[in-house]
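**Q** What follows is a predicted protein model with its sequence.
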Amino acid sequence: MSYGQGGPQWVPGGSNTPDWNALAADAEQKRARKRWWVIIGSAIAAAAVGTVVALAIVNQGGDGSDTASEDPGSGELPAEPTGDPSDDRTFDETTLPPLPQPREFISDADKDIAPFEPESFFGGAMEVEGRPYTLAASDATEGCAGAVSDDLGTVLTDNGCVTLLRATYTAEGVAVTVGVAQFGTEENAVAAREAATGNLQPLTGGDAPSFCQRGGCRTTTNQVGRYTYFTIAGNSDGSPDSGDGTPAQQAARDGNDHAFARIIQRGEAQASASASAIVEERNNG
């Protein structure tokens, strides 16, 4: 016996009492299917609404952010806006010139125009890697030949040496004379360095002792820019020096390093002054 399609079912071979557990399970399945259809329908509706809203935003040009809108006339996107739309000022491109380099000044007579004098160039006492020396005497020789040995004088003169500055420094038991020769060009200074023979004459007198009068002195020769520089060092008591690692040998090397440092500092000072003048001119212009 049946109640029709979808009605209660009886278990075959059983009594006339309906199977309530089966009926309950069937009803739960129907309710579950209905819930899933509701969820799916809601999701589809939400997606449709989101699509409509997005299209509306695009068609209206966005919400004021930097989103570009399509130009229906040209078929191209306009340039992306930058900066403040209300700011219509224009600015010229500014290119700063390269900063002058110290080497430019110590290599070019047209730029290397600072005074070349003993007092300003040597600058007082000398200290190299913690080793102090006292300035004992200084001088300047125009033409250069009068402050060096005869053979070195010929080399300097042939290459157009302009001025040679000397300074004698003393430390415990030793003395060293540093000589810096200025030439018209860097090429002249290089040529003098390569052809150099003989030695710088020690500058004595005043507070400087008589040294290197009996030979046995330490000498150096070097060049940077349009300057060739020399040293001669020996024992303060005039005794000849020999061997390796002696105080006189170290004094000659220290004098060499001091001369190089002073030449570079000369270039740096002029380069700094030139850079300041460039900045001031740009600011005033």
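**A** It's in. Numbering: from 1, shown residues only.
**Q** got a list of contacts for the lengthiest strand in the chain?
**A** The residue-count maximum for a strand in the chain (DSSP state E) belongs to strand 131-142. The contact list for strand 131-142, computed with CB atoms under 8 Å, 6 or more residues apart in numbering, reads 116-119, 122, 124-127, 147, 162-171, 175-176, 203-209, 250-251, 254. Heads up, the C-betas are built off the backbone N, CA and C, glycines and all.
**Q** Poorly predicted segments of the stretch 151-285 of the chain, please.
**A** For the stretch 151-285 of the chain, applying pLDDT under 70 flags the ranges 278-282, 285.
**Q** quick one on the thing from earlier: okay, the longest strand of the chain in PDB with CA atoms only?
**A** Written as PDB, here are the backbone C-alpha positions of strand 131-142 (Å, rounded to 0.1, in the frame of the first residue of the first chain):
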ATOM      1  CA  ARG A 131     107.700  61.300  13.900                       C
ATOM      2  CA  PRO A 132     108.100  65.000  14.600                       C
ATOM      3  CA  TYR A 133     110.600  67.400  13.000                       C
ATOM      4  CA  THR A 134     111.300  71.000  13.800                       C
ATOM      5  CA  LEU A 135     111.600  73.600  11.000                       C
ATOM      6  CA  ALA A 136     115.100  75.100  11.200                       C
ATOM      7  CA  ALA A 137     115.500  77.100   8.000                       C
ATOM      8  CA  SER A 138     113.900  77.800   4.600                       C
ATOM      9  CA  ASP A 139     114.600  79.700   1.400                       C
ATOM     10  CA  ALA A 140     113.700  80.100  -2.300                       C
ATOM     11  CA  THR A 141     116.000  80.100  -5.300                       C
ATOM     12  CA  GLU A 142     114.800  81.600  -8.600                       C
END
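**Q** What strands flank that strand, and is each parallel or antiparallel?
**A** Strand pairing for strand 131-142, using DSSP bridges, gives strand 126-128 (antiparallel), strand 163-171 (antiparallel).
**Q** ok so, going back, restricted to buried residues, select the contacts of strand 131-142 in ChimeraX.
**A** This is how ChimeraX selects the buried members of those, with burial counted by 16 or more other CB atoms under 10 Å:
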select :116,118,122,126,147,162,163,164,165,166,167,168,169,170,171,175,176,203,204,208,209,250,251,254
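**Q** Same question for residue 114, what's its three-state structure.
**A** Following DSSP: H, G, I helix; E, B strand; the rest coil, residue 114 is assigned to coil.
**Q** My guess is it contacts residue 268. True?
**A** No. At 11.1 Å, residue 114 does not count as touching residue 268 under the criterion of CB atoms under 8 Å.
**Q** Cool, thanks, signing off.
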